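>>> Dropping a prediction and its sequence here:
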Amino acid sequence: MDVGLIVLLFIGIGVGGLIAYNKRTFKIPVYVRTPDREFPYQWREILEKRIEFYQRLDAAGRKKFEDKVHVFLLNVRVLGMQTKVSHEDKILVAASAVIPIFGFDNWHYFNLSEVHLHPSKFKIPGQKRYARGLIGWGEMDGIMKLSKKALHEGFQDQNDQRNVAIHEFIHVIDKLDGEVDGVLETLMNEIDIMPWMQLMQHEMKEIESGNSDIRKYGSANHAEFLAVVGEYFFESPEKMKIEHPALFNALDSMFNPKIIPKADRFKYTKKYDPCPCGSGRKFSRCCMGN
């Protein structure tokens, strides 16, 4: 999706004072519906059959994944546009949403209300071009449009580093800081942003010169780079770890944040570093005195 032509979904942070977050810790808004019954075994069979990410998890991880899928489907409607929506369609959409945010506790796509499935490519509203995935804007705020064909193709070969649905959900996460720019400022430590920008520039030049196995679309702009390498990271993590170790480590830090004991966070913080409490102020002007 060309970010220069498409205005991605605006994500309202702190809507009505119902949601609060501090960097990588999220609190579920009070209006989010949560499961009141067991995860359907039919859904579990689909995950076991179709979702390789789920297959790689241990028992506790699978339970966590199932809970996130359940919450997503209770709060976001998956609707068919001139096509029928099956249970498998819904599970594939939900899995696509959960994979990028699996490492975050209490995450909810509170800005998303509906996912519209089209049989195949669909026309971009107001344009002559067609797309396989799109985040709504204007009157379509809160809506994602996906090609049903592309959705299923994304989970047929889970080693080709292509998954349209995951790609679009990464764009939604990118928009969390108010700008779709390939930098997850809400999730990243301030000190890591400049190295990430430099790494992006380097990898995009490698793509343009033909010296990278990352697909060409990743060099379109920073936002598309993040979404494209995100597809690669979640589908073929072991391959990326070998082929692009620096990129793997950066994405692993973003999407799989390590929990550092509070005492250690402050212990290794220097005077002019961003304060570990997440206030956005320098350590010397925030918690250093305590």
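Yep, it's here.
>>> does Leu92 really touch Ala150, like I thought?
No. Using CB atoms under 8 Å as the test, Leu92 is too far from Ala150 to be in contact (10.7 Å). C-beta here means a position set from N, CA and C on the backbone, and glycine is covered the same way.
>>> which one of these two has more residues nearby?
The neighbour comparison of Leu92 against Ala150 (other CB atoms under 10 Å) goes to Leu92, with 25 against 21.
>>> can you give me the strands for the stretch 51-200 of the chain?
77-80, 114-118, 122-123, 130-131, 133-135, 143-147 (DSSP state E, counting those that start in this stretch).
>>> what's the most buried one of these?
Most buried of these, by mean neighbour count (mean count of other CB atoms under 10 Å): strand 133-135, with a mean of 25.
>>> In the sheet, which strands lie alongside it, parallel or antiparallel?
Under the criterion DSSP bridges, strand 133-135 sits next to strand 143-147 (antiparallel) in its sheet.
>>> I would like the residues contacting the longest helix along the chain, please.
Using DSSP state H to define each element, the chain has its longest helix at helix 190-208. With CB atoms under 8 Å, 6 or more residues apart in numbering as the test, helix 190-208 has contacts from 182-183, 185, 188, 212, 214-216, 218-219, 222, 225-226, 229, 244, 246-247, 250, 253, 273-274.
>>> Only whichever of these are buried, select them in ChimeraX.
To isolate the buried ones among the contacts of helix 190-208 in ChimeraX, judged by 16 or more other CB atoms under 10 Å, type:
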select :182,183,188,212,214,218,219,222,225,226,229,244,247,250,274
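>>> Show me how far stretch 89-103 is from its chain's centre.
Put simply, stretch 89-103 sits 9 Å off its chain's centre (CA atoms, centre = their mean, to the nearest Å).
>>> got it, and stretch 243-251?
17 Å.
>>> Report the mean per-residue pLDDT for that stretch.
Mean pLDDT, computed over stretch 243-251, is 92.
>>> What ranges in the protein fall below the confidence cut-off?
For the chain, the stretches flagged by pLDDT under 70 are 1-30, 258-271, 274-281, 289-290.
>>> what about the helices in the chain?
41-50, 52-55, 59-75, 87-101, 148-153, 164-174, 190-208, 222-235, 237-243, 245-255, 262-267.
>>> could those be laid out in CSV, adding distance to Cys286?
Output for the helices of the chain, formatted as CSV (distance: least, CB to CB, whole Å):
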stretch, distance to Cys286
helix 41-50, 43
helix 52-55, 38
helix 59-75, 33
helix 87-101, 28
helix 148-153, 45
helix 164-174, 27
helix 190-208, 13
helix 222-235, 29
helix 237-243, 35
helix 245-255, 23
helix 262-267, 10
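>>> Any idea which of those gets closest to Asp141?
helix 164-174 (11.8 Å; CB to CB).
>>> elements contacting the closest one?
helix 87-101, strand 133-135, strand 143-147, helix 148-153, helix 222-235 (3 or more CB pairs under 8 Å, 6 or more residues apart in numbering; DSSP states H and E).
>>> out of the ones you listed, nearest to Cys287?
Nearest to Cys287, of all the helices and strands packed on helix 164-174, is helix 87-101, at 28.0 Å by CB to CB.
>>> helices or strands next to the closest one in the packing?
helix 41-50, helix 52-55, helix 59-75, strand 77-80, strand 114-118, helix 148-153, helix 164-174, helix 222-235.
>>> Output the contacting helices and strands for the third one.
Pointing back at helix 59-75 there. Helix 59-75 packs on helix 41-50, helix 52-55, helix 87-101, going by 3+ CB pairs under 8 Å, 6+ apart.
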